[in-house]
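*Asks:* Quick one: sequence plus predicted model below, questions after.
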Amino acid sequence: MNNKQIGIFLAVTIVVVIAAVVAVNQQQRAVVNQQAGEYLFPGLETKVNDVAKVEVVKGEDHVTIQRTDNNWKIVEKDNYPADFTKVKEVVMKIAAFTTIEAKTKIPENYAKLNVEDPTQEDTKAVQVSLKDDADNELASVIVGRMEAGGFSTVGQDKTYVRKANDEQVWLVKGGLVVDEEPSDWVTEEILNIDVSRVKKVEITHKGGDTVIIEKEKPGEGDFIIANLPKGKEAKSQSDLTQVARAMQTLRLVDVEKAEGFEFPEDKTMTTELQTFDGLVITAKTVKQAGAYLTNFSARFDPSLRPAEETKPEATPEATQEDAGKEGDEQKQAAEQPAPHAATPPPVKDAALVQQEVTQLNQQLSPWVFTLNKSKAKNLVEEMADLVKDKS
């Protein structure tokens, strides 16, 4: 080999070596590019308001929460409203993930930290992807095992995570448990009619058996069974109050579209709740496989409202002597201590009740709700469960 060939060989060798060094350095930079103490997704904290879709994947379970006209809806639940609090919590916690320490990059170790492939069967990993309204991905993370803060480190939860399509596992500041079922993302409370408003509840069972409980005046007395069978009495006032509370803090377990859902006449229980301010809510309920499925509708009935107070009739013109006597009587009355009188709860304004009816029909009528069993049982209580033989 002559000198010229040796020179060319050395030049080529140097180029190859330099290229290899550059490649290694680039790989090393890629590894150490994410430093401890940094946001896992730098810049996401400034784009949280751009998030328009949250996608959750765990095994065969998929949840898609989409923002439409400033309302978050669950695609897999026929666009039923999502609980915004839950959506906000997930987005904000992912944006706040701050790296503590780089962990394993070996796939065989992922399962120990619950950051394995989130699409595989029996996985414990959950993948969450955040996208904007153009479906561009803002962040995608595989959420694994969480380490809760101890007694002396309250609020210092940590989570093992891995960016989607990245081998590196990180321990990050912040705890996050992600719900993977569509029903876990719904707004649970569907009705909250305070018992102080309730005037009457009438329950009609299949076959025509009826239970009617009512109260005469708002804020006064107890509920009674209006159609109490002869020789019977109520087991307890508490039972009647629970029936009246059936639509107070009422929560769903699951939800589906009302369109196409059938309520067979011979299997449907109907509950009508009336309030002193004119609100009427009708619930149709069927029991299927041990679950209570209910559809609600609302209307306004002004006849239920208290009669307007009438002005006292005008009295004949009083003489000066009568006026003097009346003045003395008023003075004496003023000197007597006023008797204590219970103030009944205020009756809701009629216009507000009508607005409430419109809102309730928009929120409830298009849906069939699977209800919490204890509350549902109060909603369809039977006479036999409320009465006993008269003592």
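*Replies:* That came through, no problem. Here the structure is a predicted model, which means the values were calculated and not measured.

*Asks:* what helix or strand does the nearest residue to residue 371 once chain neighbours are set aside sit in?
*Replies:* Closest residue to residue 371 in three dimensions, ignoring its sequence neighbours and counting by CB to CB, 6 or more residues apart in numbering: residue 292, at 4.8 Å. C-beta: built from backbone N, CA, C; applies to glycine. Per DSSP states H and E: residue 292 is located in strand 291-300.

*Asks:* could you give the mean pLDDT of that strand?
*Replies:* Mean per-residue pLDDT for strand 291-300: 98.

*Asks:* elements contacting it?
*Replies:* strand 279-288, helix 350-364, strand 367-371, helix 373-379 (3 or more CB pairs under 8 Å, 6 or more residues apart in numbering; DSSP states H and E).

*Asks:* Mind checking those for the one nearest to residue 124?
*Replies:* Closest to residue 124 of the helices and strands packed on strand 291-300, according to CB to CB: strand 367-371, at 27.0 Å.

*Asks:* Report the strands that pair with that closest one, each with its relative direction.
*Replies:* strand 250-257 (antiparallel), strand 291-300 (antiparallel) (DSSP bridges).

*Asks:* Pull out the buried positions in the shortest one.
*Replies:* The one in question is strand 250-257. 250, 252, 253, 254, 255, 256 (16 or more other CB atoms under 10 Å).

*Asks:* next one: stretch 185-193
*Replies:* In stretch 185-193, counting by 16+ other CB under 10 Å, buried: 185, 186, 187, 190, 191, 193.

*Asks:* can you give me the strands in the stretch 101-250 of the chain?
*Replies:* Listed in chain order, the strands of the stretch 101-250 of the chain (DSSP state E, counting those that start in this stretch) span 126-131, 137-147, 158-163, 169-173, 189-191, 198-204, 210-214, 224-225, 232-234, 250-257.

*Asks:* Is it possible to get JSON lines of the buried residues of stretch 185-193 that adds pLDDT and distance to residue 242?
*Replies:* JSON lines is the format used below for the buried residues of stretch 185-193 (pLDDT from 0 to 100; distance: CB to CB, whole Å):
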{"residue": "185", "pLDDT": "96", "distance to residue 242": "29"}
{"residue": "186", "pLDDT": "95", "distance to residue 242": "25"}
{"residue": "187", "pLDDT": "90", "distance to residue 242": "24"}
{"residue": "190", "pLDDT": "95", "distance to residue 242": "18"}
{"residue": "191", "pLDDT": "96", "distance to residue 242": "15"}
{"residue": "193", "pLDDT": "97", "distance to residue 242": "14"}
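
*Asks:* just checking, residue 228 touches residue 387?
*Replies:* Yes - using CB atoms under 8 Å, residue 228 is in contact with residue 387, at 6.9 Å.

*Asks:* shared neighbours of those two, which are they?
*Replies:* Common contact partners of residue 228 and residue 387 (CB atoms under 8 Å, 6 or more residues apart in numbering): residue 234.

*Asks:* if we can go back for a sec, state the distance from the residue nearest to residue 371 to residue 380.
*Replies:* Distance, residue 292 to residue 380, using CB to CB, to the nearest Å: 7 Å.

*Asks:* What of residue 294?
*Replies:* From residue 294 to residue 380 the distance is 9 Å (CB to CB).

*Asks:* Who has more neighbours out of the two?
*Replies:* residue 294 (25 against 22; other CB atoms under 10 Å).

*Asks:* Nearest residue to the more buried one in space, please, no chain neighbours.
*Replies:* residue 285 (4.5 Å).

*Asks:* what sits against the one you found?
*Replies:* Applying CB under 8 Å, 6+ apart, the residues near residue 285 are 268, 269, 270, 271, 292, 293, 294, 371, 376, 379, 380.

*Asks:* Domain-wise, how is this structure divided?
*Replies:* Per the record, the chain has its domains at 44-185, 189-306+349-389, by automatic domain parsing.

*Asks:* can you count the residues close to residue 387?
*Replies:* 18.

*Asks:* shouldn't it be in contact with residue 227?
*Replies:* No - judged on CB under 8 Å, residue 387 makes no contact with residue 227 at a distance of 10.5 Å.

*Asks:* quick one: the helices in this structure?
*Replies:* Using DSSP state H, the helices of the chain run over 3-32, 84-96, 237-244, 320-335, 350-364, 373-379.

*Asks:* ok, now which ones touch the most centrally placed residue in the chain?
*Replies:* In the chain, the C-alpha nearest the mean C-alpha coordinate belongs to residue 187, at 2.3 Å (CA atoms, centre = their mean). Taking CB under 8 Å, 6+ apart, we find residue 187 in contact with 81, 82, 83, 84.

*Asks:* how close does the closest residue to the last one other than its chain neighbours sit to residue 79?
*Replies:* What that stands for is residue 84. Distances taken as CB to CB, 6+ apart put residue 72 closest to residue 84, at 5.5 Å, once the chain neighbours are dropped. Plainly put, residue 72 is 10 Å away from residue 79 if you go by CB to CB.

*Asks:* got it, and residue 44?
*Replies:* 26 Å.

*Asks:* which of the two has more neighbours?
*Replies:* Each of residue 44 and residue 79 has its neighbours counted (other CB under 10 Å); residue 44 has more, 20 against 14.

*Asks:* Read off the pLDDT value for the more buried one.
*Replies:* 97.

*Asks:* pretty sure it contacts residue 141?
*Replies:* No - using CB under 8 Å, residue 44 makes no contact with residue 141, being 10.1 Å away.

*Asks:* wait, isn't residue 73 in contact with residue 83?
*Replies:* No - Residue 73 is beyond contact range of residue 83, at 11.1 Å (criterion: CB under 8 Å).
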